[in-house]
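Colleague: okay, sequence plus prediction incoming.
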2 protein chains.
Amino acid sequence: MSMDMTFLGTGSAYPSPHRGASALVLRTDGECWLFDCGEGTQTQLMKSQLRAGRITKIFISHLHGDHLFGLPGLLCTVSLNSNADPQQNLNCVELYGPRGLRKFLRVTLGLSGSQLLFPYAVHELEPTTDQCPEEGQLSQELTADSGPLHPQEQPGRTIPLDVISDSYLLLEDKKFIVKAFRLFHRIPSFGFCIQEHDRPGRLKTELLKELGLKPGPQYGRLKAGESIVLENGRLVLPSEVLEETIPGRKVCILGDCTSVLGKEPLRMCSGADVLVHEATLGNEHRERAMEHGHSTPAMAAAVARACCARRLVLYHFSQRYKPNSLQKDGEEDVSELKRQAEEELQDGRVEVILAEDFMTVPIPLRRQKS
Amino acid sequence: MSMDMTFLGTGSAYPSPHRGASALVLRTDGECWLFDCGEGTQTQLMKSQLRAGRITKIFISHLHGDHLFGLPGLLCTVSLNSNADPQQNLNCVELYGPRGLRKFLRVTLGLSGSQLLFPYAVHELEPTTDQCPEEGQLSQELTADSGPLHPQEQPGRTIPLDVISDSYLLLEDKKFIVKAFRLFHRIPSFGFCIQEHDRPGRLKTELLKELGLKPGPQYGRLKAGESIVLENGRLVLPSEVLEETIPGRKVCILGDCTSVLGKEPLRMCSGADVLVHEATLGNEHRERAMEHGHSTPAMAAAVARACCARRLVLYHFSQRYKPNSLQKDGEEDVSELKRQAEEELQDGRVEVILAEDFMTVPIPLRRQKS
Ligand SMILES: [Zn+2]
Ligand SMILES: [Zn+2]
Ligand SMILES: [Zn+2]
Ligand SMILES: [Zn+2]
């Protein structure tokens, strides 16, 4: 199964002509999951190779405008274009985000008279008070989603923090388990851990033939992890006849933050194939970054190290950092942010990547031990 | 006083890479008034020569997303950049739009934790039930702006229709009087008539000298329309010593519509220097256009003729009409829309202009009769 990640916006605070506001798409087998949706995301999508109609799930890390304000327009445009795309998914679009997201959509879609051709459901994460300074907490009055549902809205879950695992279980299906965890920012912010399930290795068909087994239902049972007994009484264990298990990939995408809350989330992200972390300002602006609830490359690198990530992708850059191709003499060099993260990761076992708008990062299966 | 109008988005339904969503700026003496604010308007502003910090008033024709969804982001970015621009206007930004706009901003700015560096006030126009089909009317429940004001929100007026003039008086100051009027669309939509006051002509200084009057307070009184009596008893009338009155300019900007409601608004727009009217689809799609609450070039031209406009600017084109510079073989030709409007206006006394993103239309003073 192919898997990759495309950045639609890598700028912080607001969209600019050279860096869109936060949005990235994780793609597996043609299904697209959108993470954050700053203003202009629908236009960035149109410029990319991706198809808006393939978006089945949307995750919003936090409610700051540069991660959210593109959402109502994106849903409307996905709906408008759904006639044009016969492969359009008209199933329920599932949205996950902080408390308040449900009301945001209900009010913006409602007041604009927007009718969607598909249903949607908003599953809200209950933040805790230690995720932000007091002034960043939203009153119950502001987030209360009283009143009737939007005509296309289906009831969503309200997901509290699971205190034992220090995380939120968002979804689990045949392929993935997705959890969220808490970050510290100016307002409650979340990170997402997308864990692909391990899959059994291939059947050793030569060996099965030697044992006298022919392709059929027994192959399926072995692959599903069941033992079987041959006619001659021989017990066949799955471990005997299966190649090594194919480990599931792990992708961790963190919203704006100065830090991850708790130790459990770092364990959850342990060994991530890709860790996506913001780096709004360079190390020399550490104080200013933290004042605004943000991170520097060194701070991002420390998180990557703490969870032994294989690759660290930096994004959410201050608009002062133009892409290298547009950078003029005397302007800040975004490559410096990469150097700063690498310096922190000295040993060089973690690959550092600077995200740019429209960059696609492949997430291949791990090479198996030989 | 210079006056011009810059189109920031000329596409309908959604912003695309070749046409932004609806937004235009009317500029007089460095002050900018924004009409509609589709998603991406802030980025279009950045690409233009205009400065977001100069926006003092915002008019929203109707609450469809392609005219509205850029508004919260625009306000946030104007605020963010206001430190950088010492000439930034930190006075109250006045917003005018249909009932529901106040709640839209209160909820979007509130949930996103957006703090502005300037106050704002939303003045809501009360629509009437004949402005749209029944399904386009918003329930009181949806528009109710209960709850506390946003920290930077100042109380705004609620403006009912003035039945006598069939219009809404939005503002009147030393330079302008601005009124709104009702349009028929899928949801309540409005047009805006911006009327510059007439100004007295120049003083005939040669004549004043002959009469023995020297520059001083008496000049001001004559210019203000007062008569004065000379020492020798001679009465001097302003009309004797003033050149012809400089007629104020009139700019009419209509939101999405199939028609103007009532006859009074056409009289109000009579002789408009510029009439800005949507033309979403070509004449050959008249039925489809009307079904969606929109106009064709012929319909726009009929309005321009009915109010004897001097210039008709068409905008809000279906995204199928690319700008001529990007049009490929076999694609619809936007110039055809101009031809269709001109055909309807046969006599050729009305100049037809096709708006394009970033086009600036000057609005000069009328040449005086000689
Ligand atoms: Zn951000
Ligand atoms: Zn943020
Ligand atoms: Zn429109
Ligand atoms: Zn409309």
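Modeller: On my side now, so go ahead. Ligands and ions are numbered 1, 2, ... in the order given.
Colleague: how about the stretch 1-150 of chain A: which residue is closest to ligand 3?
Modeller: Each residue of the stretch 1-150 of chain A has a distance to ligand 3, by Cβ to the ion, and the smallest belongs to residue A:112, at 10.4 Å. Any C-beta I mention is one placed from the backbone N, CA and C, and that applies to glycine too.
Colleague: how many neighbours does the residue lying closest to that residue once chain neighbours are set aside have?
Modeller: Residue nearest to residue A:112 in three dimensions, not counting chain neighbours: residue B:65, with 4.6 Å by Cβ to Cβ, 6 or more residues apart in numbering or on different chains. The number of residues packed around residue B:65, counting by other Cβ atoms under 10 Å in any protein chain shown, is 24.
Colleague: my read is that residue B:65 contacts residue A:115, right?
Modeller: No. In this structure, residue B:65 sits apart from residue A:115 without contact. The criterion is Cβ atoms under 8 Å, and the distance is 11.3 Å.
Colleague: so the single nearest residue of the stretch 201-350 of chain A relative to ligand 4, which of the three states?
Modeller: Ranking the residues of the stretch 201-350 of chain A by distance to ligand 4 (Cβ to the ion) places residue A:319 first, at 31.3 Å. Put simply, residue A:319 is coil when judged by DSSP: H, G, I helix; E, B strand; the rest coil.
Colleague: coming back round to it: mind listing what the residue nearest to residue A:112 touches?
Modeller: Residue B:65 sits next to A:72, A:73, A:76, A:108, A:112, A:114, B:14, B:21, B:38, B:39 when contact means Cβ atoms under 8 Å, 6 or more residues apart in numbering or on different chains.
Colleague: pLDDT at the residue most central in space within chain A, what is it?
Modeller: Among the residues of chain A, residue A:253 comes closest to the average C-alpha position under Cα atoms, centre = their mean, at 4.5 Å. Per-residue pLDDT puts residue A:253 at 98.
Colleague: that one belongs to a strand, doesn't it?
Modeller: Yes. With three-state DSSP as the criterion, residue A:253 is part of a strand.
Colleague: separation between it and residue A:95?
Modeller: Separation of residue A:253 from residue A:95 (Cβ to Cβ, to the nearest Å): 15 Å.
Colleague: element containing the closest residue to residue A:13 other than its chain neighbours, please.
Modeller: The shortest distance from residue A:13 to any non-neighbouring residue, by Cβ to Cβ, 6+ apart, is to residue A:66 (5.6 Å). Remark: residue A:66 resides in helix A:65-68, with elements defined by DSSP states H and E.
Colleague: tell me the first helix or strand C-terminal of that helix.
Modeller: As the chain continues past helix A:65-68, the following element, by DSSP H and E, is helix A:71-80.
Colleague: show me where pLDDT drops low in the stretch 201-350 of chain A?
Modeller: Screening the stretch 201-350 of chain A residue by residue with the criterion pLDDT under 70, one finds no matching range.
Colleague: return the distance of residue A:67 relative to ligand 4.
Modeller: Residue A:67 sits 27 Å away from ligand 4 when distances are taken as Cβ to the ion, to the nearest Å.
Colleague: give me the number of residues near residue A:81?
Modeller: 18.
Colleague: repeat for residue A:197
Modeller: Summarising burial for residue A:197: neighbours were counted as other Cβ under 10 Å, giving 14.
Colleague: quick check on it: phi, psi?
Modeller: Recorded main-chain torsions at residue A:197 are phi -70, psi 150, according to degrees, to the nearest 10.
Colleague: and it, how far is that from residue B:136?
Modeller: With Cβ to Cβ as the criterion, residue A:197 and residue B:136 are 47 Å apart.
Colleague: for residue A:184, same thing?
Modeller: 44 Å.
Colleague: residues from the stretch 101-250 of chain A in reach of chain B?
Modeller: The stretch 101-250 of chain A has residues A:101, A:103-104, A:107-108, A:110-114, A:136, A:138, A:141-143, A:147-148, A:186-187 near chain B, with proximity defined as Cβ under 8 Å from any Cβ of the partner chain.
Colleague: now restrict the residues you listed to buried residues only.
Modeller: With neighbours counted using 16 or more other Cβ atoms under 10 Å in any protein chain shown, these contain these buried positions: A:101, A:103-104, A:107-108, A:110-114, A:136, A:138, A:142-143, A:186-187.
Colleague: closest to residue A:202 among those?
Modeller: The shortest distance between residue A:202 and any of those, using Cβ to Cβ, involves residue A:101 and amounts to 42.2 Å.
Colleague: residue A:94 is in contact with that closest one, correct?
Modeller: No. Counting by Cβ under 8 Å, no contact exists between residue A:101 and residue A:94, whose distance comes to 11.9 Å.
Colleague: show the pLDDT at residue A:88.
Modeller: For residue A:88, the model assigns a pLDDT of 59.
Colleague: which residues does residue A:340 contact?
Modeller: Going by Cβ under 8 Å, 6+ apart, residue A:340 touches A:282, A:283, A:296, A:297, A:298, A:301.
Colleague: mind putting the residues you listed in CSV, distance to chain B and neighbour count included?
Modeller: Conversion of these to CSV gives the following (distance: Cβ to the nearest Cβ, whole Å; neighbours: other Cβ atoms under 10 Å in any protein chain shown):
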residue, distance to chain B, neighbour count
A:282, 19, 23
A:283, 23, 19
A:296, 20, 27
A:297, 23, 31
A:298, 25, 17
A:301, 28, 27
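Colleague: so what's the residue of chain A most remote from its centre closest to, chain neighbours aside?
Modeller: Among the C-alpha atoms of chain A, the one most distant from their mean position (Cα atoms, centre = their mean) is that of residue A:232, at 50.3 Å. Using Cβ to Cβ, 6+ apart and skipping the chain neighbours, the partner closest in space to residue A:232 is residue A:212 (7.9 Å).
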